[in-house]
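[1] Generate coordinates for the sequence data below:
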Amino acid sequence: KMDIGLERMVVLATNNDPQVRSVAAESIGEEIWQKPELQQRALEVGAFEVLLNILNNDDEGVNSLLPAIWSIRNVLHNNRQAQEQCAHRDALAVFTKVVQRCAFGQYGDHTEKIIEAVLAAYVAAISNHERNSRRLLVVGLEAIMDISDGKIAAVTGSDKLVTQTLQGEGTIALAKSIMLMLG
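    Model prediction:
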């Protein structure tokens, strides 16, 4: 995977085949994690947009969604320019839509893994970034409060409230940490 290169992985992350998108999204994140100096190059070749499009796809499967979230987190980690792209593209609203899909049970047993990944992406997006912090207050505060209480909730089209209980103490603690960061 590493021999393919970042640029080609970004192209592969747009492939129609979900398995190809999954491998490409995971490879982007791995490459950036192993070589943080590639964060800038990832932005230049459009990795952030491609990964965000995966998250924004309501029908995206867990196998490609989860690595895409972690890869976005890796792009955002200590990267001011990526945080600016996050603000410009309203990525925090996209992250929150993923949490809402979790509340509807779209990801089944993988819900807590996805919630944890989204929370990690929230942290990377808001860390020392006031604009993203303020935006998260608007689009994600309710979801984070619910998660810190050990649940996720969403309202259906018929105004019926759907609630799921979370079991992971680490996920709940991460949500509480975000609340402190926003406080």
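[2] residue ranges of the helices in this structure, please?
    Ranges of helices in the chain, per DSSP state H, are 6-12, 18-34, 39-44, 47-56, 62-76, 80-88, 91-103, 111-126, 130-139, 141-148, 169-182.
[3] Show me what the worst-scoring helix or strand of the chain on mean pLDDT is packed up against.
    When the helices and strands of the chain are scored by mean pLDDT, DSSP states H and E, strand 161-165 comes last with a mean of 80. For strand 161-165, the packing partners by 3 or more Cβ pairs under 8 Å, 6 or more residues apart in numbering; DSSP states H and E come out as helix 91-103, strand 151-155. In this view, the C-beta of every residue, glycine as well, is placed from N, C-alpha and C.
[4] Please name the strands paired to that strand in the sheet, noting orientation.
    Strand 161-165 has its sheet partners listed here by DSSP bridges as strand 151-155 (antiparallel).
[5] shouldn't Ile54 be in contact with Ala68?
    Yes: contact status for Ile54 versus Ala68: in contact at 4.0 Å, counting by Cβ atoms under 8 Å.
[6] Name the residues contacting each of the two.
    13, 21, 25, 60 (Cβ atoms under 8 Å, 6 or more residues apart in numbering).
[7] Could you identify the most distant pair in these?
    Ala13 and Glu60 (11.4 Å; Cβ to Cβ).
[8] overlap in contacts of the two?
    Contacts common to Ala13 and Glu60, judged by Cβ under 8 Å, 6+ apart, are 21, 54, 68.
[9] ok, back up a step: give me the more crowded residue out of Ile54 and Ala68.
    When neighbours are counted by other Cβ atoms under 10 Å, Ile54 and Ala68 differ, and Ala68 comes out ahead with 30 against 24.
[10] ok, that one - contacts?
    Going by Cβ under 8 Å, 6+ apart, the list of residues near Ala68 reads 13, 21, 25, 51, 54-55, 60.
[11] mind showing which ranges of this protein have poor pLDDT?
    Scanning the chain for pLDDT under 70 picks out 1-3.
[12] isn't Lys113 right next to Ile69, touching?
    No: look at Lys113 against Ile69 with Cβ under 8 Å: they stay out of range, at 9.3 Å.
[13] Looking only at neighbour counts, state which of these two leads.
    Ranked by neighbour count (other Cβ under 10 Å), Lys113 and Ile69 place Ile69 first, with 26 against 18.
[14] and the more buried one, what is it in contact with?
    With Cβ under 8 Å, 6+ apart, Ile69 has these contacts: 55, 95, 98, 114, 117-118, 120-121.
[15] try it again with 10 Å
    By Cβ atoms under 10 Å, 6 or more residues apart in numbering, Ile69 lies in contact with 25, 29, 51, 54-55, 95, 98, 113-121.
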